[in-house]
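**Student:** Structure for this input, please:
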Amino acid sequence: MSIHAVVWDVDDTLFDYTTADREGMRSHLAAEGLLHGYDTPEQALLRWREITDQQWARFSAGEATFEGQRRDRVRVFLGAELTDDEADAWFGRYIGHYEAAWALFPDVLPVLDLLARSHRHAVLSNSSLTVQDRKLRVLGVHSRFEAILCAAELGVSKPEAEAFLAACDALKLAPHQVAYVGDHPEIDGRGAAEAGLLSVWIDRDGAYTSGDAPTGRHRIASLAELPAILGADTRFGAPSTFR
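**Tutor:** You can find the predicted model right below:
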């Protein structure tokens with residue numbers, strides 16, 4: 001079946017979120033004088049990541065608003081009873097350091113350029129439109145996408161089928177005409193496949209083995225492998241080694 005459009009995850013798929021978050025938080029904690037409470041900076045960063053995952057799970061389950069999970073990340077990390085304004089101010093200072101480290105992965109622009117004429121493009125993210133719209137503009141790729149959909153506005157998040165189907169509806173295409181590319185084997189890989197999309201899971205670091213993590217229909221290590229999967233011009237990239 002012909003694939004007419006690609007819907008993209010943003011964080012750790014197009015945008016190197018992990019590196020930006022790590023370097024941004026390292027700089028922020030140093031500026032706030034908070035690294036002294038940990039044996040190493042990596043220990044502090046691991047704690048922040050654990051809290052982020054916990055609070056994001058609450059948001060995904062509908063137990064917290066997008067803004068609320070951000071504030072609670074700060075409160076739990078600091079172990080302090082902060083007002084909303086205080087938590088927002090702390091998170092805002094972190095954002096300044098975080099944004100200074102923003103970057104696309106190096107394989108993003110080449111594959112977007114190659115697929116620009118053959119496929120339509122959209123974004124589906126488990127974030128908010130305010131966050132991702134600005135991010136894509138700063139990174140210089142906002143105009144590449146016809147539609148940008150985010151969980152905070154949709155009221156449903158990946159891996160729920162409704163999130164993926166909303167992206168298909170925005171493009172006025174059936175699920176089997178749409179590919180989804182994301183970095184998480186469950187949230188993106190399994191979720192997209194079960195919603196009926198061509199699921200492409202990018203495992204950049206080879207963090208999972210075939211025996212310990214579910215995949216979608218295709219597993220790739222680089223976006224250079226995507227055109228071949230989509231049946232586009234394959235002069236860019238190589239066949240997938242994970243398929």
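
**Student:** going forward, measure contacts between C-alpha atoms and count neighbours the same way
**Tutor:** Noted.

**Student:** Can you pull the domain assignment for this protein?
**Tutor:** Using automatic domain parsing, the domains assigned to the chain come out as 5-16+103-230, 17-99.

**Student:** Pick the most buried one from those domains.
**Tutor:** Across the domains of the chain, averaging neighbours per residue (mean count of other Cα atoms under 10 Å) puts domain 5-16+103-230 on top, at a mean of 19.

**Student:** close enough to count as contact, Arg58 and Phe66?
**Tutor:** No: applying Cα atoms under 8 Å as the test, Arg58 and Phe66 come out as separate, 9.6 Å apart.

**Student:** want to throw the domains of the chain into CSV with mean pLDDT?
**Tutor:** Shown next, in CSV, are those (pLDDT from 0 to 100):
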stretch, mean pLDDT
domain 5-16+103-230, 93
domain 17-99, 93
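
**Student:** Ala100: neighbour count?
**Tutor:** Close neighbours of Ala100, defined as other Cα atoms under 10 Å, add up to 11.

**Student:** all helices of this protein, in order?
**Tutor:** Along the chain, counting by DSSP state H, helices occupy 17-32, 41-60, 66-78, 84-99, 108-115, 129-138, 151-154, 161-171, 191-194, 226-230.

**Student:** Summarise which helices and strands the longest one is packed against.
**Tutor:** Using 3 or more Cα pairs under 8 Å, 6 or more residues apart in numbering; DSSP states H and E, the elements in contact with helix 41-60 are helix 17-32, helix 66-78.

**Student:** contact partners of that helix?
**Tutor:** 22, 25-26, 35, 38, 64-66, 69-70, 72-73, 76-77, 156-157 (Cα atoms under 8 Å, 6 or more residues apart in numbering).

**Student:** for the first one, same thing?
**Tutor:** If you take Cα under 8 Å, 6+ apart as the criterion, helix 17-32 is touched by 11-12, 35, 41, 45, 93-103.

**Student:** Which of those residues lies at the shortest distance from Leu230?
**Tutor:** Asp12 (20.7 Å; Cα to Cα).

**Student:** now that closest one: how far from Arg58?
**Tutor:** Distance of Asp12 to Arg58, computed by Cα to Cα, to the nearest Å: 21 Å.

**Student:** Ala87: what's it in contact with?
**Tutor:** Contacts were defined as Cα under 8 Å, 6+ apart; by that measure Ala87 touches 71-72, 74-75.
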